[in-house]
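K.L.:
Next one to model:
(one chain, ligands or ions: 1)
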Amino acid sequence: MRHIFKEGTNSNKPVLLLLHGTGGDENGLLPLAEIVDPEASVLSVRGNVLENGMPRFFRRLAEGVFDEEDLVFRTNELNQFLEDAAKEYKFNRQNIVAIGYSNGANIAASLLFHYKDALKGAILHHPMVPRRGIELPDLKEAKVFIAAGTNDPICPQQESVELRELLEDAGASVEILWENHGHQLTMTEVQAAKQWYEKTMI
Ligand code: MLT
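P.N.:
Residues are numbered from 1 along each chain as shown. Below you'll find the model as predicted:
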């Protein structure tokens, strides 16, 4: 997968896995990693799917309606990429914290839904439930921060409520921050994510 890897100054810190929203790329979220943990290594990935020229991490049939077969395929592809990247760049595969926005948050949630040890933690900005009706792996070790909008027209409030329930039922610790700026990724939620990360992840 197309990506950027930036080695951090402290190899004990988690590796921050950046996953952009629809139409973004591997450059877009780099400033977030700099805010959340300037000492951490960064692996920023571009989604392999194109929708009208806009990169995404998996196909959708309509807005908010995911192509489940492609979602499963792409989740496996990303998980395998993480295995390979850990070997290539010599970082600890067990110490990855995802930061995802929108479509990127959804593939991060899908990693959690399908693989027990894919992520140590995840910061999900404006996520949805990636898939329903499946048994989740044991997520007792996973820590998740969700930032969501009460008035988000793309990722409705109920999606984050249900996502939290499903993750908690699988054992994950979940914190949620509500804002009312629609689908926007705001600086206040990035700062709240940083506080959560410092309290929970390091
Ligand atoms: C998705 O398709 O993953 C969500 O609807 C959010 C987005 O538009 O990226």
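K.L.:
Show me what from the protein comes close to the ligand.
P.N.:
Residues of the chain found near the ligand (CB under 6 Å from any ligand atom) are 21-22, 60, 63-64, 102-103, 106, 128, 154. Glycine gets a C-beta too; all of them are placed from N, C-alpha and C.
K.L.:
Among those residues, which lie within strands?
P.N.:
Among those, the ones falling in strands (DSSP state E) are R60.
K.L.:
can you list the residues of the chain next to the ligand in a markdown table and add distance to L71?
P.N.:
Formatted as a markdown table, the residues of the chain next to the ligand follow (distance: CB to CB, whole Å):
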| residue | distance to L71 |
| --- | --- |
| G21 | 16 |
| T22 | 14 |
| R60 | 9 |
| E63 | 15 |
| G64 | 13 |
| S102 | 15 |
| N103 | 11 |
| N106 | 8 |
| M128 | 11 |
| I154 | 17 |
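K.L.:
What is the nearest of the residues of the chain next to the ligand to D138?
P.N.:
Using CB to CB, the shortest approach to D138 within the residues of the chain next to the ligand belongs to N106, at 21.4 Å.
K.L.:
ok, now which ones touch that closest one?
P.N.:
57-58, 66, 100, 127-128, 130 (CB atoms under 8 Å, 6 or more residues apart in numbering).
K.L.:
Check those and tell me the two furthest apart.
P.N.:
F66 and G100 (14.7 Å).
K.L.:
Please work out how many residues are found near S44.
P.N.:
Neighbours of S44 under the rule other CB atoms under 10 Å: 25.
K.L.:
oh sorry, the question was meant for T188
P.N.:
Neighbour count of T188, defined by other CB under 10 Å: 11.
K.L.:
And for D169?
P.N.:
10.
K.L.:
same thing with N92?
P.N.:
The number of residues packed near N92 is 13, by other CB under 10 Å.
K.L.:
Tell me which helix or strand it sits in.
P.N.:
Using DSSP states H and E, N92 falls within no helix or strand.
K.L.:
thought it was touching A86?
P.N.:
Yes: N92 is within contact range of A86, at 7.1 Å (criterion: CB atoms under 8 Å).
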